[in-house]
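**Student:** could you look at this predicted model? Sequence included:
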Amino acid sequence: MSYQVSPIGYVHSCFKEKFAIPRQPHLAPAARGVLELLPPFDKAEALDGLEQVSHVWLLFLFHQALEDQPRLKVRPPRLGGNRSIGVFASRSTHRPNGIGQSVVKLDRIETGRLWLSGIDLLDGTPVLDIKPYVPYADSVAQARNGIAPAPPTSIPVQWNDLALQEAREHAQRLGEPLVELIEQCLAQDPRPAYQQPEPERRYGARLWDVDVQWHYPQAGMIRVLQVS
Ligand code: SAM
């Protein structure tokens, strides 16, 4: 038996490519986006009451990771990319039905639009449903997860003077906290854990319409080289 689902809207996100998106929501509070709702959900009545809610669950499709062949085991980057675990023990994008879920901050509501932050979603992500976060039910004080017991350790981010100046100028033009966004995303160390890059190797990612380049001058440290 199969069921059909249809998006209720699409996310316009600061993340234009998968690389450098944090691996869970809230790791980059400066990561912002807008969920644009489709008819008939773009009417005010569909959002009536949501102004009383600070955070929402988004159920969405990993539309750039959909696969025909289901996987039973996955290799999460968190485990260095070289240890596999069962698909249902992970939050990997490789899933039987390609469904992702994230709790994100609801900053502002307009008719047909939700302004969100702390997102971990690629631009263009199709959203299947929105549900209010319910603190007493969704936050489990005694919960444990031996695979991901704590947030990933963040690493220090340094700037070349010119890169910082460029980032500040783009931030002003965009009206977005771009410096914070770059720092929060790079502090997660987006590179696959098994890669040990040479100091001269440059990495890059696109945030909003801005290209960011960085390198690893020494183990456990990132320096932003260019923001253009
Ligand atoms: N919080 C969600 C969950 O637990 O279902 C997502 C976790 S998943 C490990 C996060 C990664 O999904 C991000 O780092 C990004 O690379 C990837 N991602 C985000 N949106 C995507 C999309 N629409 N299609 C494919 N991959 C996506």
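**Tutor:** Cool, the structure landed.
**Student:** is the strand ranked longest in the chain anywhere near the ligand?
**Tutor:** With secondary structure taken from DSSP state E, the chain has its longest strand at strand 99-110. Yes. Applying C-beta under 6 Å from any ligand atom, one finds strand 99-110 in contact with the ligand at 100-102. Backbone N, C-alpha and C define where each C-beta goes, glycine included.
**Student:** filter those residues down to the buried ones, PyMOL style.
**Tutor:** Typed into PyMOL, the line below selects the buried ones among the residues of strand 99-110 next to the ligand, using 16 or more other C-beta atoms under 10 Å:
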select buried, resi 100+102
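**Student:** how about the residues of strand 99-110 next to the ligand in CSV, adding pLDDT and distance to residue 149?
**Tutor:** Converted to CSV, those look like this (pLDDT from 0 to 100; distance: C-beta to C-beta, whole Å):
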residue, pLDDT, distance to residue 149
100, 98, 21
101, 98, 20
102, 98, 20
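**Student:** ok, the residues of strand 99-110 next to the ligand vs residue 124, which is closest?
**Tutor:** residue 100 (13.3 Å; C-beta to C-beta).
**Student:** ok, the closest one - contacts?
**Tutor:** Contacts for residue 100 were tallied using C-beta atoms under 8 Å, 6 or more residues apart in numbering; they are 58-62, 93, 121, 125.
**Student:** quick one on the thing from earlier: rebuild the residues of strand 99-110 next to the ligand as CSV, extending it with distance to residue 73.
**Tutor:** CSV is the format used below for these (distance: C-beta to C-beta, whole Å):
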residue, distance to residue 73
100, 19
101, 21
102, 23
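**Student:** how close does residue 223 sit to the ligand?
**Tutor:** 22 Å (C-beta to the nearest ligand atom, to the nearest Å).
**Student:** any idea what that residue is bridged to?
**Tutor:** residue 158, residue 215 (DSSP bridges).
**Student:** show the model's pLDDT score for the residue nearest the centre of the chain.
**Tutor:** Closest to where the C-alpha atoms of the chain average out (C-alpha atoms, centre = their mean) is residue 120, at 1.3 Å. Reported pLDDT at residue 120 in the predicted model: 98.
**Student:** what strand or helix carries it?
**Tutor:** Assigned by DSSP states H and E, residue 120 belongs to no helix or strand.
**Student:** list phi and psi for residue 129.
**Tutor:** Main-chain dihedrals, residue 129, degrees, to the nearest 10: phi -160, psi 160.
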